[in-house]
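# Got a predicted model here, sequence first, then my questions.
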Amino acid sequence: MAYRATDDLQGYLRDAVLPRLKLTHKPELMLQQGYKSRRNTLTVRQRRRNLTNIVFLDSAFDELVNDWIKEHVPNRSLCLYDEDRKTGERFTVRSSHRFNVPELLLPVASDINRVCDWLDNFPLQTVQRVFHIMFPATKDWGFVTLDDHDCDDDNFKKFHWTDVNQDHPDIHDLSVVVACQPPWVLSDKSMWQFTQLKSLPECTTRPLRGKERLWGKLWDTCVHNQTPFFILTSYQQWAFGMFSRGWTTAFVSPVIDAQSRSPTVMHALLYWLGSALRAPGGFVQPVEVAEPVHNVFSDDESELEIAGPKKELEITPSLSGWSGASDEPASSAGAAGAAALDVSDRGVDEPHGPDVLFKKSKDPALTWEMIELWRKELPAKRTENESFPPPTFATSVALLPDFLDDSATSDTSDGTVGVPCGHWLMSARR
């Protein structure tokens, strides 16, 4: 008896291993036939990136993925069709013989565009279908190509997991960049070296090595899109990573092979997309990182380029965007070198009392710590009859479909899938 993948998503994913990529020639032969000269020639702009720490997540990453899959992926029948009849989304990665998933045949890969066809049609389409079933509120999210027509198009392509109908800073923060290099450029050894780099060198006169260029290219892409989560793949090898809020620290997983199990690539993809969208139990930054405040608050990549001071006194743009200035010289907003400001822990709505006053430190990390301490003291805003706090990652009402709905009706079935209440991913208006 053949089952649908939706009869047991967890069982389907357990054996859903990517089909082997078919190449015109072996990667070694393709390198010998002219591709080798392009292997380490990614164009990386000269700029200060300040990526001072790259944290390798080791085997703990596998345990996190496996635990999340076991906890959150349904193992019961959802009474849904495998194919969404409205969008055409379907399962394309075959699993064990008990699941009836039609075979999809693609041409052999002779260039990066063909490799991206395999990437898009197999893992990305299948994971997108699974994610939309599990989290109906993400029905407007999908994989789109990031086509900026740069000079690296022949060996570096990008997909973007994002809301295809909205362009909002909160959307960028929840999105994921998927970067692809063909296996004759990004070899297994190169991928391993990429995950083992400890930092990105700055102010060096020597040419950047291949793994350093790759990190620089990913950093540039993620900062440009304001998207901290990323995935790097050659289709045959996969690595999952994220940048800290101020872009000075990165976290990267061990390399996962396309034919690996426990976890599979499909497991890791599902977990990483869920982590970016702040799904319950997803990956969170494991260590506190002290970073420059201007990096944390910047929405424009140009602000991350830090130049040396040209004069003793500079005026830093106010975070509030206020263009006025005080009549008193020492209280002008953002004046460098001005007297330290007294900040009450009551905020600005109450007069100064006998509270403990904080001296504004010149150290950006300490200033950020002070801001975080103040924010924790703010009263939580609640709406009438609200039983749980709203998520902290979204400020636009349009991003939050229906918080109090405790079920999600499928686009392809009259049945109802019961899902937990309390998280925006678990509900959607139909």
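Good, I have the coordinates.
# that's a helix at Phe230, yeah?
No. Counting by DSSP: H, G, I helix; E, B strand; the rest coil, Phe230 is not part of a helix but strand.
# Look up how far Thr41 lies from it.
From Phe230 across to Thr41, the span is 21 Å (Cβ to Cβ, to the nearest Å). The C-beta positions use only the backbone N, C-alpha and C, and glycine is treated the same way.
# And for Leu13?
As judged by Cβ to Cβ, Leu13 and Thr41 stand 37 Å apart.
# if we can go back for a sec, so Phe230 and Thr41 - more neighbours on which side?
Higher neighbour count among Phe230 and Thr41: Phe230, with 25 against 14, using other Cβ atoms under 10 Å.
# Now do the contacts for the more buried one.
By Cβ atoms under 8 Å, 6 or more residues apart in numbering, the residues touching Phe230 are 176-179, 218, 221-222, 240-243.
# Work out for me the element Thr227 sits within.
Assigned by DSSP states H and E, Thr227 belongs to no helix or strand.
# ok, it - how many residues close by?
For Thr227, the count of nearby residues is 23 (other Cβ under 10 Å).
# Let me see the contact set for the nearest residue to it once chain neighbours are set aside.
Distances taken as Cβ to Cβ, 6 or more residues apart in numbering place Ser175 nearest to Thr227, at 4.6 Å, with adjacent residues excluded. Residues counted as contacts of Ser175 (Cβ under 8 Å, 6+ apart) are 160-163, 225, 227, 229, 276.
# Check Asn113 too.
Contacts of Asn113 (Cβ under 8 Å, 6+ apart): Lys157.
# Next: the one 5 residues further on.
The contact partners of Trp118, taken as Cβ under 8 Å, 6+ apart, are 21, 106, 109, 235.
# after whichever strand or helix holds it, next one along is what?
Per DSSP H and E, Trp118 falls inside helix 112-119. If you walk from helix 112-119 toward the C-terminus, the next helix or strand you reach (DSSP H and E) is helix 125-134.
# Next, the angle helix 112-119 makes with that next one.
Here the directions of helix 125-134 and helix 112-119 differ by 40 degrees (axes from the mean of the first three to the mean of the last three Cα atoms, to 10 degrees).
# What helices and strands are in contact with helix 125-134?
With contacts taken as 3 or more Cβ pairs under 8 Å, 6 or more residues apart in numbering; DSSP states H and E, helix 125-134 sits against helix 9-14, strand 141-145, helix 265-276.
# Identify each buried residue in the second one, please.
Same thing as strand 141-145. Across strand 141-145, burial judged by 16 or more other Cβ atoms under 10 Å covers 141-143.
# hey, where'd the helices end up in this protein?
Along the chain, counting by DSSP state H, helices occupy 9-14, 27-30, 60-72, 112-119, 125-134, 169-174, 188-196, 210-225, 265-276, 293-297, 364-376.
# Restricting to C-alpha, output the third one in PDB.
Right, helix 60-72. C-alpha atoms of helix 60-72 as PDB (Å, rounded to 0.1, in the frame of the first residue of the first chain):
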ATOM      1  CA  ALA A  60      26.000  19.600  18.600                       C
ATOM      2  CA  PHE A  61      24.300  21.000  15.500                       C
ATOM      3  CA  ASP A  62      23.200  17.500  14.400                       C
ATOM      4  CA  GLU A  63      21.600  16.900  17.800                       C
ATOM      5  CA  LEU A  64      19.800  20.200  17.600                       C
ATOM      6  CA  VAL A  65      18.400  19.300  14.200                       C
ATOM      7  CA  ASN A  66      17.300  15.800  15.100                       C
ATOM      8  CA  ASP A  67      15.600  16.900  18.300                       C
ATOM      9  CA  TRP A  68      13.700  19.700  16.600                       C
ATOM     10  CA  ILE A  69      12.500  17.400  13.800                       C
ATOM     11  CA  LYS A  70      11.300  14.800  16.400                       C
ATOM     12  CA  GLU A  71       9.500  17.400  18.400                       C
ATOM     13  CA  HIS A  72       7.900  19.500  15.700                       C
END
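# What lies in contact with that helix?
With Cβ under 8 Å, 6+ apart as the criterion, helix 60-72 contacts 10, 13, 134, 240, 253-254, 262-263, 267-268, 270-271, 274, 279-283.
# mind listing what's buried in it?
So, applying 16+ other Cβ under 10 Å, buried residues of helix 60-72: 61-62, 64-66, 68-69, 72.
# Save those residues as TSV, and put in pLDDT and distance to Thr52 too.
Listed next are the buried residues of helix 60-72 as TSV, based on pLDDT from 0 to 100; distance: Cβ to Cβ, whole Å:
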residue	pLDDT	distance to Thr52
Phe61	97	22
Asp62	97	27
Leu64	97	25
Val65	98	27
Asn66	97	31
Trp68	98	29
Ile69	98	33
His72	97	34
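# thinking Tyr81 is in contact with Thr87, fair?
No. If you go by Cβ atoms under 8 Å, Tyr81 and Thr87 don't touch, sitting 11.7 Å apart.
# Just give the number of residues close to the closest residue to Gln285 other than its chain neighbours.
Among residues not flanking Gln285 along the chain, Ser244 sits closest, at 6.4 Å (Cβ to Cβ, 6+ apart). Ser244 has 21 neighbours, counted by other Cβ under 10 Å.
# same thing with the one 5 residues further on?
By other Cβ under 10 Å, the residues close to Thr249 number 21.
# For it, give me its contacts.
51-55, 243, 289, 291.
# Kindly provide the distance from Asn121 to Gly241.
For Asn121, the distance to Gly241 - Cβ to Cβ - is 24 Å.
# neighbour-wise, which of these two wins?
Gly241 (24 against 14).
# ok, the more buried one - contacts?
With contact set as Cβ under 8 Å, 6+ apart, Gly241 has these partners: 218, 229-232, 250-253.
# Also Phe122?
Contacts for Phe122 (Cβ under 8 Å, 6+ apart) come out as 18-19, 92-93, 104.
# what pLDDT does it get?
As predicted, Phe122 sits at a pLDDT of 98.
# picking up where we left off before, please identify which of the helices and strands packed on helix 125-134 is closest to Val127.
Taking Cβ to Cβ, helix 265-276 is the member of the helices and strands packed on helix 125-134 nearest to Val127, at 4.6 Å.
# all strands in the protein, in order from the N-terminus.
Secondary structure of the chain (DSSP state E): strands at 53-56, 141-145, 157-163, 176-180, 229-233, 237-243, 249-252, 256-257, 342-344, 357-359, 407-409, 416-418.
# Please save the CA atoms from the first one in CSV.
Listed next in CSV are the C-alpha coordinates belonging to strand 53-56 (Å, rounded to 0.1, in the frame of the first residue of the first chain):
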residue,chain,number,x,y,z
ASN,A,53,35.1,35.5,15.2
ILE,A,54,33.8,32.4,13.4
VAL,A,55,32.3,29.8,15.7
PHE,A,56,32.2,26.2,14.6
